[in-house]
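# Give the three-dimensional model of this entry:
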Amino acid sequence: MIKRKMTKQTMIGQTQIAKRFVRLALVVLTCGFCLGSDAPGSSATSKLPDLLQRTREQMSEYLDRFSDVRCTERVVQEKFRNGKDKIDLKEESTYDYLVMLSNTGGELNLSESRLPVHQAKADKKNRSMLVSNGFATLFLVFHPLYANSFEFNTAGEEVANGHRLIKVAFRHIRGTRTPAALALRGREYPLELSGTAWIDTDTVVIARISAGIDNTMVDVGLNTLQTDVEFVPVPFHDPEKTYWFPSRAIVEVETPRQHWRNTHEFTNYKRFEVSTEEQVATK
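Sure, this is the predicted structure:
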């Protein structure tokens, strides 16, 4: 069980480079979910401020209900040969995943549980693999805590599965608060995230979000970091409600000598409930 606290210098991204493994994690909200909204809305093509405001409000509502859900996470880790697309090593693991969130005194506190259901066997050649989690929380760039740290622009429209989506490009403003940081050799390096989010114009749910760091971390040995997250609607009953949850998060990382790609698949969503039973002792 891991507990994290969001402070002024929040660390979501965390990387450790060693001979055996490379760890890259968004750990404040691992296996994040995007909450849907039934509120109607107008086209955001020419009303970006209204779209962003409605999206920020939805992020706040989502965090209030975040601890209601658990899921199954399947992780496929791939390591490629230097300078080639051929897979050198592939491992698969499955986890039972749960995130519990509380908001005390204006600070967000996270407890995450990632219980192994099936773990990949140790590599006999001791080849390094990328260990990643939490990238489904990229939507935090739209949360009120971080939205003022990004520049937003519309980048066109798309229609997918009958939904009209506005493409919103975002870029981190250097020197401001960021929802991601790289921890390496005892130091933290803020990540200058930039990317695109696909937002439904009526429900303002995020259907997809992709981001990267361009070439801003070459000096510490991280050439590229790219991630892409897709969300799908998942219906619940009693009461009837539909939520948009991540279905897949792809993370791809390259260093001067290594190339990895991890694919996280999220399925089997269920509400998380805690039941207690009290017994009165009798003499």
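# Phe139 in helix, strand or coil?
Following DSSP: H, G, I helix; E, B strand; the rest coil, we place Phe139 in the helix state.
# burial measure for it, as a count.
26 (other Cβ atoms under 10 Å). Every C-beta, even on glycine, is put in place using the N, C-alpha and C of the backbone.
# That one is in contact with Ile199, isn't it?
No. Taking Cβ atoms under 8 Å as the definition, Phe139 is not a contact partner of Ile199, at 9.8 Å.
# anything in contact with each of these two?
Shared contacts of Phe139 and Ile199, defined by Cβ atoms under 8 Å, 6 or more residues apart in numbering, comprise Ile206.
# Report the beta-bridge partners for Ser130.
No Ser there; residue 130 is Leu. Beta-bridge partners recorded for Leu130 (DSSP bridges): Val22.
# burial measure for it, as a count.
20.
# again, but for Thr227
For Thr227, the neighbour count with other Cβ under 10 Å is 24.
# Which helix or strand contains it?
Here Thr227, judged by DSSP states H and E, is contained in strand 224-236.
# List the contacts of that strand.
Strand 224-236 is contacted from outside by 24, 34, 36, 135-136, 138, 191, 205-213, 215, 217, 241-254, 269, 271, using Cβ under 8 Å, 6+ apart.
# Assign Ser60 to helix, strand or coil.
Applying three-state DSSP: Ser60 is helix.
# quick one: it from Arg114, how far?
Separation of Ser60 from Arg114 (Cβ to Cβ, to the nearest Å): 25 Å.
# Please say which of these two ends up with more neighbours.
Arg114 (17 against 13).
# Wait, the more buried one touches Gly134, no?
No. Applying Cβ under 8 Å, one finds Arg114 not in contact with Gly134, separated by 9.9 Å.
# For the closest residue to Gly221 other than its chain neighbours, give me phi and psi.
Leaving out its chain neighbours, the residue that sits closest to Gly221 by Cβ to Cβ, 6 or more residues apart in numbering is Thr255, at 5.3 Å. Dihedral angles of Thr255 (phi, psi; degrees, to the nearest 10) stand at phi -120, psi 180.
# any idea how far Asp219 is from Thr255?
12 Å.
# Of these two, which one has the most company?
Thr255 (18 against 8).
# where's that one relative to Ala160, distance?
34 Å.
# what does Leu51 give?
To Ala160, Leu51 is 17 Å away according to Cβ to Cβ.
# With neighbour numbers in mind, choose between those two.
Each of Leu51 and Ala160 has its neighbours counted (other Cβ under 10 Å); Leu51 has more, 23 against 11.
# any idea what the more buried one is structurally, helix, strand or coil?
helix.
# Assess the claim that it and Val204 are in contact.
Yes. The pair Leu51 and Val204 qualifies as a contact (Cβ under 8 Å) at a distance of 6.6 Å.
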